[in-house]
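# Here is a sequence together with a model predicted from it:
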Amino acid sequence: MATPRPAICLTLLLPALLFAQLTTGFLEGHAPAGTAIHITGGLGFRASAVTDASGHFAIALPDGRYQVLIGNQPPVTVRVAANEAT
């Protein structure tokens with residue numbers, strides 16, 4: 001049996017990779033350095049991030065609506081759209 005050729009493997013995987021890129025967006029923002037960011041979404045989705053030394057954070061998320069808690073501030077609802085930064 002012959003081993004799969006790289007071109008065939010790439011052809012089979014490329015549509016899946018492109019689809020993944022089309023369904024994610026970015027949530028970006030600023031808060032004091034070291035602030036915890038907690039994100040919740042539908043179906044029990046949860047993600048966390050921490051601001052860097054300059055207070056910046058960025059996280060890739062699937063297209064959808066999320067509750068975002070930044071530090072001890074009240075949560076806010078945001079909409080992340082595919083291929084956009086929010």
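Yep, that arrived.
# And the strands in the protein?
Secondary structure of the chain, counting by DSSP state E: strands at 24-30, 36-41, 46-50, 56-62, 64-70, 76-80.
# Please identify the buried residues of the fourth one?
Right, the one you point to is strand 56-62. Phe57, Ile59, Leu61 (16 or more other CB atoms under 10 Å). Quick note: C-beta positions are derived from backbone N, CA and C, even for glycine.
# what number of residues lie near Gly64?
Gly64 has 17 neighbours, counted by other CB atoms under 10 Å.
# contacting residues for it?
Residues counted as contacts of Gly64 (CB atoms under 8 Å, 6 or more residues apart in numbering) are Gly41, Gly42, Phe45, Arg79, Val80.
# give me that answer again for 10 Å
By CB atoms under 10 Å, 6 or more residues apart in numbering, Gly64 lies in contact with Thr23, Thr24, Gly25, Gly41, Gly42, Leu43, Phe45, Val78, Arg79, Val80, Ala81, Ala82.
# Now these in JSON lines, please, with extra columns for pLDDT and distance to Tyr66.
Formatted as JSON lines, these follow (pLDDT from 0 to 100; distance: CB to CB, whole Å):
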{"residue": "Thr23", "pLDDT": "78", "distance to Tyr66": "14"}
{"residue": "Thr24", "pLDDT": "83", "distance to Tyr66": "13"}
{"residue": "Gly25", "pLDDT": "86", "distance to Tyr66": "10"}
{"residue": "Gly41", "pLDDT": "93", "distance to Tyr66": "5"}
{"residue": "Gly42", "pLDDT": "87", "distance to Tyr66": "9"}
{"residue": "Leu43", "pLDDT": "87", "distance to Tyr66": "12"}
{"residue": "Phe45", "pLDDT": "91", "distance to Tyr66": "8"}
{"residue": "Val78", "pLDDT": "94", "distance to Tyr66": "5"}
{"residue": "Arg79", "pLDDT": "93", "distance to Tyr66": "8"}
{"residue": "Val80", "pLDDT": "91", "distance to Tyr66": "6"}
{"residue": "Ala81", "pLDDT": "86", "distance to Tyr66": "12"}
{"residue": "Ala82", "pLDDT": "82", "distance to Tyr66": "14"}
